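J.: kindly generate the corresponding structure for this input.
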Amino acid sequence: METKSKVLIVGATGHLGKRLVRASLDQGHETYVLQRPEIGVDIEKVQRLLSFKKLGAHLVTGSFNDHKSLVEAVKKVDVVISIVSGELHPTSHKLLLQLKLVEAIKEAGNVKRFLPSEFGTDPSRMADAMEPGRVTFDDKMVVRKAIEDAGIPFTYVSANCFAGIFVGGLCQIGSILPSRDSVVLFGDGNQKSIFVDEDDVAAYTIKTIDDPRTLNKTLYIRPPANILSQREVMGLWEKLIGKELQKSSLSEQEFLDSLKDKEFVLKAVMTHFYHFFFEGCLENFEIGDDAEEACNLYPDVKYTTVEDYLKQYL
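T.: Residues are numbered from 1 along each chain as shown. The predicted structure is shown next:
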């Protein structure tokens, strides 16, 4: 019988973290969740942690401010998955908290795979990204360097656009529900992006942890049916609701001009949209020998198509 890895998930109460916990348990892994004292009186997070316990996960106390506690938590498992939020703030670099996790993994010496908090655009391809959004990519690359310098076995996961954020809002900035009236196209709306249901991201991610084919590689999640343009996503929604949306278009220059007076967080988000929907950065390259494609490796995962994802909003 195949031996399953023991998994520690750091950041389990978040949007993707809770899905990783469920996927790990569903795939038969003994699953540990880091319970950080910093959670304070956040009742929603506490209740989520308790729900993981009911599902069979183990809660283990540890803090980024207590190196010894992190080492002890890491020693309980074979695999560590971090899903620390990359909070967009001019002075906050929460992703760099993972450097403390790298030090704990290095000292523990027992971890056979570390998956750092990436799960979006491959940061190694974003060296020319615009400020201020590029801070996310830069911080992820700092963490990558620390992992590789420490000789820690890794898998990086590039999951592209989360469906809940991009499909739900028809790729509109500041919206996560599909309009039944009007939409704004970025340019001609024909640049391809890649959209992935967050539950599918979790399922593919957990598949990698005992797979030698993904060791020290990047896993790209690129469901073929979900490589679509903004215009195509809107077209699927129009077909479902039986109505054509009123469309306007924002040119590249108009979009760039609109960035000038935006506050930091919104400006950072908009620069990401620029790279996705004007430059097509998610789909305009071939993956190399140091990477694998999730749908090819794991055809047994029946991913959710964009069209099926949109049906829940009817």
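
J.: hey, let's count contacts and neighbours off CA atoms from now on
T.: OK.

J.: quick check: which ranges of the protein have low pLDDT?
T.: Scanning the chain for pLDDT under 70 picks out the ranges 1-2, 86-92.

J.: repeat that with 90
T.: Within the chain, the stretches with pLDDT under 90 are 1-3, 36-42, 45-46, 85-94, 133, 260-261, 264-265, 284, 288.

J.: contacting residues for the most centrally placed residue in it?
T.: Geometric centre of the chain, nearest residue: residue 119, 2.8 Å, by C-alpha atoms, centre = their mean. By C-alpha atoms under 8 Å, 6 or more residues apart in numbering, the contact set of residue 119 is 156, 157, 158, 159, 160, 201.

J.: assign it to helix, strand or coil.
T.: Of the three states, residue 119 takes coil according to DSSP: H, G, I helix; E, B strand; the rest coil.

J.: from residue 220, how far out is it?
T.: Separation of residue 119 from residue 220 (C-alpha to C-alpha, to the nearest Å) stands at 9 Å.

J.: which stretches of this structure form strands?
T.: Along the chain, counting by DSSP state E, strands occupy 6-10, 30-35, 58-61, 79-82, 113-115, 155-158, 161-162, 182-186, 192-196, 217-220, 227-229, 246-250, 291-293.

J.: which residues does residue 165 contact?
T.: Residue 165 is in contact with 171, 175, 176, counting by C-alpha under 8 Å, 6+ apart.

J.: looking at those residues, which is nearest residue 253?
T.: Distance to residue 253, by C-alpha to C-alpha, is smallest for residue 171 among those, at 18.6 Å.

J.: list the contacts for that closest one?
T.: Under the criterion of C-alpha under 8 Å, 6+ apart, the neighbours of residue 171 are 165, 230.

J.: residues touching the residue lying closest to residue 181 once chain neighbours are set aside, list them.
T.: In this structure, residue 181 finds its nearest non-sequential neighbour in residue 245, 5.3 Å apart by C-alpha to C-alpha, 6 or more residues apart in numbering. For residue 245, the contacting residues are 180, 181, 182, 183, 238, by C-alpha under 8 Å, 6+ apart.

J.: ok, how many other residues are close to the closest residue to the third one other than its chain neighbours?
T.: Taking C-alpha to C-alpha, 6+ apart as the measure, residue 182 lies nearest to residue 246, with 4.4 Å between them; neighbours along the chain are not counted. Here the number of neighbours of residue 246 (other C-alpha atoms under 10 Å) works out to 10.

J.: ok, now residue 10?
T.: Counted with other C-alpha under 10 Å, the neighbours of residue 10 add up to 24.

J.: same question for residue 239.
T.: Residues lying near residue 239 (other C-alpha under 10 Å) number 11.

J.: and the helix ranked longest in the chain, C-alpha only, in CSV?
T.: Using DSSP state H, we find that the single longest helix of the chain is helix 134-149. Output of helix 134-149 as CSV, limited to C-alpha atoms (Å, rounded to 0.1, in the frame of the first residue of the first chain):
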residue,chain,number,x,y,z
ARG,A,134,5.5,43.8,-8.9
VAL,A,135,6.3,43.7,-5.1
THR,A,136,4.4,40.4,-4.9
PHE,A,137,6.5,38.9,-7.6
ASP,A,138,9.8,40.3,-6.1
ASP,A,139,9.0,38.9,-2.7
LYS,A,140,8.1,35.5,-4.1
MET,A,141,11.5,35.4,-5.8
VAL,A,142,13.3,36.3,-2.6
VAL,A,143,11.6,33.3,-1.0
ARG,A,144,12.5,31.1,-3.9
LYS,A,145,16.1,32.1,-3.6
ALA,A,146,16.2,31.3,0.1
ILE,A,147,14.6,27.8,-0.6
GLU,A,148,17.1,26.9,-3.3
ASP,A,149,20.1,28.3,-1.4
